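1. the amino acid sequence is not available; the structure is as follows:
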């Protein structure tokens, strides 16, 4: 049977994995998931208690997240300490990740084109022609696949950016 805590823990794991895929440490995902799931501003101590990370680790990470614009902080006058919150535009977050992947694919496609040109120039011996033809066919197949994927990604990014936003 699933409990509320189990579902929250599974969501936190998913969020950690999503941010790890973006090259961010696991603690970023855990803190963001915690702030999103709690739906309110939290102090260092509350975040530490909810995530299981030490206050010093939470503090360092929150400072980084604030500098990166991922988290926001302000001083709570009644509590006399800082509190933190996040607001996430999920479609934009995914679109940004896809743009990063797109830049990598574009660079790879350019490198494959260079290799294809090099292979075409090769002055080969008779016994290497079949191998060179196979290499060229493989390079062309990979290039076409990347171009196809780029088109899909560009369309998806455009759709994500035109997606109606819900506030978080």
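-> Alright, I've got the coordinates. The shown structure was predicted, so the numbers you read here are calculated from the model rather than taken from an experiment. Numbers count the residues shown, from 1 in each chain.

2. could I get the buried residue list for stretch 86-105?
-> Buried residues in stretch 86-105, counting neighbours by 16 or more other Cβ atoms under 10 Å, are found at 86, 89, 91, 94-95, 97-98, 102, 105. Any C-beta I mention is one placed from the backbone N, CA and C, and that applies to glycine too.

3. any idea how far the closest residue to residue 27 other than its chain neighbours lies from residue 32?
-> With sequence-adjacent residues excluded and distances taken as Cβ to Cβ, 6 or more residues apart in numbering, residue 27 is closest to residue 61, at 5.0 Å. Separation of residue 61 from residue 32 (Cβ to Cβ, to the nearest Å): 10 Å.

4. now swap in residue 142 and tell me
-> 35 Å.

5. low-confidence regions, the chain specifically.
-> Within the chain, the ranges that satisfy pLDDT under 70 run 1, 123-126, 165-168.

6. and it, what are its domain boundaries?
-> For the chain, the structural domains run 4-86, 90-162, going by automatic domain parsing.

7. between its first and last residues, how far does the first one reach?
-> One end of domain 4-86 to the other measures 21 Å (Cα to Cα, to the nearest Å).

8. go on, the last one?
-> The straight-line separation of the ends of domain 90-162 (Cα to Cα) is 12 Å.

9. ok, now which ones touch the residue nearest the centre of the chain?
-> The centre of the chain sits closest to residue 22, judged by Cα atoms, centre = their mean, with a distance of 2.9 Å. The neighbours of residue 22, taking Cβ atoms under 8 Å, 6 or more residues apart in numbering as the test, are 97, 100.

10. swap in residue 74?
-> Contacts of residue 74 by Cβ under 8 Å, 6+ apart are 82-83.

11. list the buried residues for whatever helix or strand it lives in?
-> Per DSSP states H and E, residue 74 falls inside strand 71-76. Judged by neighbour count (16+ other Cβ under 10 Å), strand 71-76 contains these buried residues: 71, 73.

12. so after it, what's the next helix or strand?
-> Following strand 71-76 toward the C-terminus (DSSP H and E): strand 81-86.

13. how distant is the following helix or strand past that following strand from the center of its chain?
-> Next along the chain after strand 81-86, taking DSSP H and E as the criterion, comes helix 90-121. Offset of helix 90-121 from its chain centre (Cα atoms, centre = their mean, to the nearest Å): 16 Å.
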